[in-house]
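Undergrad: Need the 3D shape of this:
(one chain, ligands or ions: 1)
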Amino acid sequence: MSKPMQGRHFITTREWSTDELELLLQSSWDLKRKFYRDEPHALLRDKTLFMMFYEQSTRTRNSFEAGMTQLGGHAHDLTPDKLQVSHGETAEDTARVLSRMGHGISVRNCNWGQGNNFIRSVAEMSRVPVMNMQCDVYHPCQAIADLMTIREKFNNEIRGRKFVISWTYAPSYVRPISVPHSEILLMTRFGLDVTLANPPEFKLKPEIMAQAEANAKAGGSKFEVVDDMDAAFEDAHIVYPKSWGCLVHEPDREAAVKHIEKYPGWVANQERMDLTNPESIYMHPLPASRGAEVTDEVIDGAHSVVWDQAENRLHTAKGLMALTM
Ligand code: CP
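TA: Model (predicted):
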């Protein structure tokens, strides 16, 4: 039996049709059920994934590596210092070599202005599927796991529900802008009414904003932007408050932190959760900056689904690899 998605790269959700993304979700649910029942599901027996990490990772690294083991294959955990890219070997040449030795390549490279280009250069020369484990612009693996979680929590009845992605305060380091981009692109395609809240310095890329607006228009949902966290939380069904870097100052870390320092009040706290719909869920891709982005009361509280969300990174990574590798 042929695998229709075999060999497909997964660099953004934009390049996959809605039917293809539905297939990915179905594959992920199927593998989740098998994992829970302890049923064997060695769909990638003897296959190899090469994972290239330019940054730290807990969820992404372990979802792909554990996922490959559970699917009967093996994942190599590679960092630039283990590869000749550190001596200037190009993305293209690295892809030519690795794709002759295995069955999939996955890359995390969030370097501003470089990460997505690097992954696309790998994909151009790879004979095997290339998966984006987060770049400077997109985090498609996070967004698809989040959509899976939202569907589970609302029993698949998500059309017209208010999804809020809000900037939050977190001065410890500058987070990539890729999660909010991927969230507004995907959730507007799947019928959620999306509200984006951010202070003026923390706008998203205009081209991504335009695509999210077009998605909402095409799908009959809403996309609005506000600069007030309280207004955003009002009657929300899903709140997704997280920090991200400042677009214009992204390459200049110190300047970006100075902008972050202006908004210590942008915190997910209980007062704000009380503004939401009684059924609401609190989401965060993690790691969360406790006490800055969110209070312990909220992240550990009754509305929080962050551990289910993190677990779904495993099932969706496996769904993706099983379909494409
Ligand atoms: N959410 C996420 O991608 O987590 P890691 O950075 O730990 O992979």
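Undergrad: going forward, measure contacts and count neighbours with C-alpha atoms only.
TA: Fine.
Undergrad: give the contact list for the residue nearest to Met5 when sequence neighbours are not counted.
TA: With sequence-adjacent residues excluded and distances taken as C-alpha to C-alpha, 6 or more residues apart in numbering, Met5 is closest to Thr324, at 5.2 Å. Contact analysis of Thr324 by C-alpha atoms under 8 Å, 6 or more residues apart in numbering lists Lys3, Met5, Gln6, Gly7, Arg8, His9, Pro129.
Undergrad: Can you pick out the most distant pair from the residues you listed?
TA: Using C-alpha to C-alpha, the contacts of Thr324 span at most 13.9 Å, a distance reached by Lys3 and His9.
Undergrad: Mind jotting down where the strands sit in the stretch 51-200 of the chain?
TA: Along the stretch 51-200 of the chain, counting by DSSP state E, counting those that start in this stretch, strands occupy 74-78, 104-109, 130-135, 162-167, 193-197.
Undergrad: For Glu207, find the nearest of these.
TA: Smallest distance to Glu207 across the strands of the stretch 51-200 of the chain (C-alpha to C-alpha): 15.0 Å, for strand 193-197.
Undergrad: can I get the CA coordinates of the host helix or strand of Arg33 in CSV?
TA: Per DSSP states H and E: Arg33 is located in helix 18-37. Extracted in CSV, the C-alpha atoms of helix 18-37 (Å, rounded to 0.1, in the frame of the first residue of the first chain):
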residue,chain,number,x,y,z
THR,A,18,-6.6,21.3,5.1
ASP,A,19,-7.3,17.7,4.1
GLU,A,20,-3.6,16.9,4.6
LEU,A,21,-3.6,18.5,8.0
GLU,A,22,-6.7,16.6,8.9
LEU,A,23,-4.9,13.4,7.9
LEU,A,24,-2.0,14.4,10.2
LEU,A,25,-4.4,14.9,13.1
GLN,A,26,-6.1,11.6,12.5
SER,A,27,-2.7,9.8,12.3
SER,A,28,-1.7,11.5,15.6
TRP,A,29,-5.0,10.4,17.3
ASP,A,30,-4.5,6.8,16.0
LEU,A,31,-1.0,6.7,17.4
LYS,A,32,-2.1,8.2,20.7
ARG,A,33,-4.7,5.5,21.2
LYS,A,34,-2.1,2.9,20.4
PHE,A,35,0.4,4.4,22.9
TYR,A,36,-2.3,4.4,25.6
ARG,A,37,-3.2,0.8,24.9
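Undergrad: contacting residues around that helix?
TA: By C-alpha under 8 Å, 6+ apart, the list of residues contacting helix 18-37 reads 13, 40-41, 144, 148, 189, 315-320, 322-323.
Undergrad: Pick out the most distant pair among the residues you listed.
TA: The widest separation within the contacts of helix 18-37 (C-alpha to C-alpha) is 33.6 Å, between Pro40 and Arg189.
Undergrad: Distance check, the residue in the stretch 101-250 of the chain that the ligand sits nearest to against Asp38.
TA: Closest residue of the stretch 101-250 of the chain to the ligand, C-alpha to the nearest ligand atom: Gln142 (6.2 Å). Look at Gln142 and Asp38: by C-alpha to C-alpha, to the nearest Å, they are 25 Å apart.
Undergrad: So between those two, which is more surrounded?
TA: Gln142 (24 against 9; other C-alpha atoms under 10 Å).
Undergrad: Check the more buried one and give its pLDDT.
TA: Gln142 is assigned a pLDDT of 98 by the prediction.
Undergrad: Could you verify my assumption that it touches Pro285?
TA: Yes - under the criterion of C-alpha atoms under 8 Å, Gln142 makes contact with Pro285 at 7.0 Å.
Undergrad: can you list the residues of the chain near the ligand?
TA: When proximity is defined as C-alpha under 6 Å from any ligand atom, the chain approaches the ligand at Ser57, Thr58, Arg59, Thr60, Arg61, Pro285, Leu286.
Undergrad: buried ones in the helix holding Arg33?
TA: Neighbour counts over helix 18-37 (16 or more other C-alpha atoms under 10 Å) mark Leu21, Leu23, Leu24, Leu25, Ser27, Ser28, Trp29, Leu31, Lys32 as buried.
Undergrad: hmm, back to that, in terms of neighbours, single out the busier of Lys3 and His9.
TA: More crowded of Lys3 and His9, by other C-alpha under 10 Å: His9, with 24 against 10.
Undergrad: List the residues that contact the more buried one.
TA: Ala123, Pro129, Val130, Met131, Thr324.
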